[in-house]
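In: Here's my sequence, what's the structure:
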Amino acid sequence: MIVKLVCAGDDSFEELYLPEENELLIGVDAGALSIIEAGYRPHIALGDFDSGNLMQIAKHSDLLLIYPSRKDYGDLELAVREIIALKPKKVLVYNGTGGRLDHFLATINVLVRYSELNIEILDRENSICLLQENTSIKKSKYKYLSLFALEDETIISLQGFKYELDNYTLMRFDNLCLSNEIISIGKIKTNKKLLLVQSL
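Out: Next comes the predicted model:
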């Protein structure tokens, strides 16, 4: 199963969304309106709905889950916690960028905190995910690739990139791996998790 979470940030859902078999489409608060306005029906709409038209969302959603406005988790994290037991093979987050920077940082925190769920954040220009093991990435529509350490003493090697590295110690807050480019197939070796950002 693939889970697609649509938030209430900068709306690029309709441009990026491709329906797939065995998917669960979830509207996160006012993100449910993005789904509805694109001509689709959320399987689940959830949140405190402090920023959405609740009557319209309720009418066009299969299941409505309403949370109190005073809560310990943001709406996106509530949605992620709802799907943990489903053990999806992939989670895509739409409209999780743009707008309030605190909400964007919270979205990155969710990506890292629930790393076992294989979450990817998408918008018009970027793909953000965690790299958890050695991997190869083919050259794609994304021109730039940036890597950020989540822990100190992260050892990385890069081959097939414009700027290559050999057993470099990447520390947190080190921006050395900003705006690299894949030549054909980029090979990344790492001993720890990395935040991977690909951009047009």
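In: ok, residue 37 - contacts?
Out: Taking C-beta atoms under 8 Å, 6 or more residues apart in numbering, we find residue 37 in contact with residue 14. The C-beta positions use only the backbone N, C-alpha and C, and glycine is treated the same way.
In: separation between it and residue 31?
Out: To residue 31, residue 37 is 11 Å away according to C-beta to C-beta, to the nearest Å.
In: next one: residue 85
Out: Distance of residue 85 to residue 31, computed by C-beta to C-beta: 21 Å.
In: So which of those two has more stuff around it?
Out: More crowded of residue 85 and residue 31, by other C-beta atoms under 10 Å: residue 31, with 31 against 6.
In: Please report phi then psi for that one.
Out: Torsion angles at residue 31 (phi, psi; degrees, to the nearest 10) stand at phi -60, psi -20.
In: Use 223 as the first number for this chain going forward.
Out: Done: numbering now begins at 223, and the last item shifts to residue 253.
In: Surely it is in contact with residue 234?
Out: No. Assessed by C-beta atoms under 8 Å, residue 253 is found out of contact with residue 234, at 11.5 Å.
In: what touches both of those two?
Out: Counting by C-beta under 8 Å, 6+ apart, the shared contacts of residue 253 and residue 234 are 316, 317.
In: Okay then, goodbye and thanks.
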